[in-house]
Every structure is written in structure tokens, then in C-alpha cells.
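Participant: build me a model from this:
(one chain, ligands or ions: 1)
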Amino acid sequence: MIAMYQLMDGKLVSQSVKDRIRDEVAVYREQGKEITLAVIIVGDDPASRVYVNNKKKACEYVGFRSLEYALPESTTQEELIALIHELNGREDVNGILCQLPVPKHIDDKAVIAAIDVKKDVDAFSEINVGKIMIGDYDFLPCTPAGVMEMLKYYQISVEGKNCVVIGRSNIVGKPMAMLLLHENGTVVMTHSRTQKLAELTKNADILVAAVGKAKFVTAGMVKDGAVVIDVGMNRDENGKLCGDVDFNSVAEKCSYITPVPGGVGPMTIAMLMQNTLKAYEIQNGGTAE
Ligand code: GUN
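Facilitator: Presented below is the predicted three-dimensional model:
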């Protein structure tokens, strides 16, 4: 039997999100208003460089101004925080993002804490994380919000479904569980110390893999007809980009599955654009009209 699965196309869905934002931004631009995202990158991690370039490209597409601050690896925490404070104080800067990871001698928590919560378009600050927990938020956590947007686009209801999240990072796993919970999913959070993981994942109607291990999720861990979302971004043994899901064996068991690349990745960036627009609107007292 050849099972049919549908690919969840992150390029297509993110394009529709960015087009909507572009239309909204055009209204502001006609009024001579400019929306600006400041992107900080410290050191020369090649993956971070690719992400930052993609974020800048997305800014250009939707009509934002982007400011890049590419700082050397040797930058001190004090210097980085001084830059963030300067950007916090600039009225012409609406969003601030420091690409993670930062070099080891810098405490990422201190960096995140330095960003003005009204400009924290990653939604990483304690206040914004707290708001996500309560379900009353200004900024959406970009990657989990991108996953929710894709589910919505493909009309996949979360209500009452068994949702299993693998991975408990502050950036993806934890906020992902919260967003699924807010949509009335029954959420199980799993991680590297979880016992009998496959027994839990086999029960998932919606399985989100955010572990950071190449091809970690295999066919034996997946229920027939499941929706599988792959947040991973890894290199396989041949250096080829791959996700946390062993796509070739898992796909045929799925009703829907995201590819890597071209799945969740582009969605994350689209949601960052949405947050930047929101930041502008919060700082300028409302929406265009
Ligand atoms: N590193 C990996 N993902 C992200 C992200 O969404 N935002 C930032 N700032 N850094 C990251």
C-alpha cells in the first residue's frame, strides 16, 4: 500500500504571511513611516550568518529597514549590552534581535534581559515568556508561532488532540507546548531523560520534534496518520541539511509532515516579521488606518 501524505510547505505558507505583512507595511510607508529591525550577530558562526542574512532578506521583502550590527567574537558582554542600551533608546529602532548562540564568554540571559521588552521581537525576555505562559501576549515566540500558523493554514485542529513535543528548550519546546495547550491540545512534553519515549510519541496525533539530533524520530515512533512537525536543523553524515525526523521512513506513515529545509524554518522568519510590525504598532499607539 502506498500511503499518501501531504507536505506542509513552509515556503508557501510563509510567503502568504509575508505578503500580508507587506501590504500592511505599504500603508505605513505611504504615510512616510518606517519600521526598523536591528539585528546583532556576534562572532562568525556560519549557521547564524545564514539565519541573519535570511532575516535581513525578509525585512527587505516586507518593506522594513534592517540594521545589522556584526560584532567580532572578541566583543565583551559590556560592549554588547551597551549597544543594546543604545538601540533601546533609539526611537527609530522598533525591534532588536541578538542572534543566538553568543560566544561562551557572554551570558545570553544578560543579553536577553538587556533588550527593552517592547522591542523584544524574539519574545525571549522574562516578561514576554511570562505573557506566553498566561496566554496574553504581544509577541509570539517565532518558531512555535510558525508551527501554529502552518497547522492553521492546513486546517489541522489541535483541539483535544494528543500532542507530543520532543525537546524542552526555552526557544522552542517550552513555548511550543504552551501554544498547543492554548489551542486545547493535550500536551506531553518529552526530552532526553524521558523513559519509553517511543510509547509516548506513538500516541501523538501531532508530534513536534525539536531535539536537535539528526533523524532522531524514526518510523517506529510515529502513529499511523500522525501530523509530524520537524523543527530540527542538522547536518547528516554526508554534511547534508536534515531535520530531527528521518523523513524517508516516517513520511509514509503521516497524514502531514514538514520537510527540512522548507518547513518550519521560513515560518520562523515570517513570524519575526509579524512581531516587528507589532512592535512598531505598540510603540506608536495602534494600527494603520
Ligand atoms: N538562534 C536560533 N534560533 C533563534 C531565534 O529564533 N532567534 C535568535 N535571536 N537566535 C536564534
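
Participant: what residues does the stretch 101-250 of the chain have near the ligand?
Facilitator: Taking CB under 6 Å from any ligand atom as the test, the list of the stretch 101-250 of the chain residues beside the ligand reads 122, 142-143, 171. For glycine as for every other residue, the C-beta is placed from the backbone atoms N, C-alpha and C.

Participant: same thing but 8 Å
Facilitator: Counting by CB under 8 Å from any ligand atom, the stretch 101-250 of the chain comes close to the ligand at 101, 122, 124, 142-143, 171.

Participant: burial of the residue in the stretch 51-200 of the chain positioned nearest to the ligand, as a residue count?
Facilitator: Across the stretch 51-200 of the chain, no residue is closer to the ligand than Leu100, which sits at 3.7 Å (CB to the nearest ligand atom). Neighbour count of Leu100, defined by other CB atoms under 10 Å: 16.

Participant: contact partners for it?
Facilitator: Listed by CB atoms under 8 Å, 6 or more residues apart in numbering, the contact set of Leu100 reads 48, 108, 171.

Participant: tell me how far the nearest residue in space to the last one that is not next to it in sequence lies from Asp205.
Facilitator: Closest residue to Ile171 apart from its sequence neighbours, by CB to CB, 6 or more residues apart in numbering: Thr143 at 6.6 Å. Summarising the geometry, the distance separating Thr143 from Asp205, computed by CB to CB, to the nearest Å, is 20 Å.

Participant: just want to know which of these two has more residues nearby.
Facilitator: In terms of neighbours (other CB under 10 Å), Thr143 is the more surrounded of Thr143 and Asp205; the figures are 24 against 19.

Participant: sec struct for the more buried one, please.
Facilitator: When classified by DSSP: H, G, I helix; E, B strand; the rest coil, Thr143 comes out as helix.

Participant: how far away is it from Tyr69?
Facilitator: Shown here: Thr143 relative to Tyr69, a distance of 23 Å by CB to CB.

Participant: so Thr268 is in which element?
Facilitator: When elements are assigned from DSSP states H and E, Thr268 belongs to helix 264-283.

Participant: output the contacting helices and strands for that helix.
Facilitator: For helix 264-283, the contact count by 3 or more CB pairs under 8 Å, 6 or more residues apart in numbering; DSSP states H and E identifies helix 10-30, helix 46-62, strand 95-98, helix 142-153 as packing neighbours.

Participant: using JSON lines, lay out the ones you listed together with mean pLDDT.
Facilitator: What follows is these, written out as JSON lines (pLDDT from 0 to 100):
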{"stretch": "helix 10-30", "mean pLDDT": "98"}
{"stretch": "helix 46-62", "mean pLDDT": "97"}
{"stretch": "strand 95-98", "mean pLDDT": "98"}
{"stretch": "helix 142-153", "mean pLDDT": "98"}
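
Participant: a markdown table please, covering those and showing distance to Lys240.
Facilitator: A markdown table is the format used below for the helices and strands packed on helix 264-283 (distance: least, CB to CB, whole Å):
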| stretch | distance to Lys240 |
| --- | --- |
| helix 10-30 | 18 |
| helix 46-62 | 14 |
| strand 95-98 | 28 |
| helix 142-153 | 22 |
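
Participant: and the strands in this protein?
Facilitator: For the chain, applying DSSP state E gives strands covering 6-7, 36-42, 65-71, 95-98, 162-166, 186-190, 206-209, 226-230, 234-235, 241-242, 254-257.

Participant: and stretch 29-44, how far out from the chain's middle?
Facilitator: Between the mean C-alpha point of stretch 29-44 and the mean C-alpha point of its chain there is a distance of 18 Å (CA atoms, centre = their mean, to the nearest Å).

Participant: gap between the two ends of it?
Facilitator: Start-to-end span of stretch 29-44 (CA to CA, to the nearest Å) is 34 Å.

Participant: what of stretch 134-146?
Facilitator: Distances were taken as CA to CA; on that basis the terminal residues of stretch 134-146 are 19 Å apart.

Participant: mind listing what's buried in it?
Facilitator: For stretch 134-146, the neighbour count (16 or more other CB atoms under 10 Å) marks 137-146 as buried.

Participant: what does stretch 124-142 rub up against?
Facilitator: Contacts of stretch 124-142 from elsewhere in the structure, counted by CB under 8 Å, 6+ apart, are 112-113, 115, 117-118, 120-123, 170-172, 175-176, 178-179, 182, 268-269, 271-272, 274-275, 278-279, 282.
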